[in-house]
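>>> Sequence unavailable; structure follows:
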């Protein structure tokens, strides 16, 4: 082998090693982002107890007045789960989320392509549960209003698309922009066929507000550590700091082999 060829192969190996280190570093940064963001919403949970106690009854009428109207197709206990994917999928992911929670946005940003792939292939079913953790922590009603709007989108058969749009356009945690129905209806325009008179009436009238309150009560009763809480077939995988989209995909693939 010529000296030139040896040098060329050595340089190729060195470039490959550098690329591998870059990928490892990117994976570490992504995990740190998700874990770091989760701290914000976990810390918020501790504040919720005090805030709710101090403000008990102040907004009770506006939040929970009227009947509990579950969105179309909701399943599970008290119809509090919004399902995405085939009922016969061998793996089930249970996700508790708050549309104002930055950790939830970090999770969705990192895992969304993998989740869509697994759902669309019929290997995974996701059950979304909506919480209002940030409303309780920082005040406002954006978590509840956004959750109601997402439930209205479920009525129209467009939950997943609108769910993704909400996270893609999530305001700063301290900005209660989602409390504005006009803002939510404007975002619905990004989902083909969602902005209809029926959807607008549902959002403006808070059709599912009492259902959202009941869902958040279930979140609190579950004594989860914060949002997002992500369970794969009942096992909390979000607390696993080694979890990556690739690892989650492998776990789902393994479940489908059994």
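Noted; the coordinates are in hand. In this text, all values refer to a predicted model and were calculated from it rather than measured experimentally.
>>> looking at this structure, which helix or strand is least sure?
Within the chain, no helix or strand scores below helix 60-64, which has a mean of 47 by mean pLDDT, DSSP states H and E.
>>> continuing past that one, what's the next helix or strand?
Later in the chain than helix 60-64, the nearest helix or strand by DSSP states H and E is strand 82-84.
>>> So for stretch 68-76, what gets flagged as buried?
Within stretch 68-76, the residues scored as buried using 16 or more other C-beta atoms under 10 Å are 68-71, 74. Glycine gets a C-beta too; all of them are placed from N, C-alpha and C.
>>> again but with stretch 206-221, I slipped
Neighbour-count burial for stretch 206-221, with 16+ other C-beta under 10 Å as criterion, is recorded at 206-216, 218-220.
>>> Turn the residues you listed into a markdown table, including distance to residue 101.
Output for the buried residues of stretch 206-221, formatted as a markdown table (distance: C-beta to C-beta, whole Å):
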| residue | distance to residue 101 |
| --- | --- |
| 206 | 21 |
| 207 | 23 |
| 208 | 19 |
| 209 | 19 |
| 210 | 21 |
| 211 | 19 |
| 212 | 14 |
| 213 | 17 |
| 214 | 19 |
| 215 | 14 |
| 216 | 12 |
| 218 | 17 |
| 219 | 12 |
| 220 | 15 |
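>>> Widest-spaced pair of those residues?
Across the buried residues of stretch 206-221, the longest distance by C-beta to C-beta is 22.6 Å; it joins 207 and 220.
>>> And what about residue 96, helix, strand or coil?
Taking DSSP: H, G, I helix; E, B strand; the rest coil as the rule, one finds residue 96 in the strand state.
>>> Can you list phi and psi of the nearest residue to it once chain neighbours are set aside for me?
Of all residues not flanking residue 96 in the chain, residue 229 sits nearest, at 4.1 Å (C-beta to C-beta, 6 or more residues apart in numbering). As for residue 229, its main-chain torsions (degrees, to the nearest 10) stand at phi -110, psi 130.
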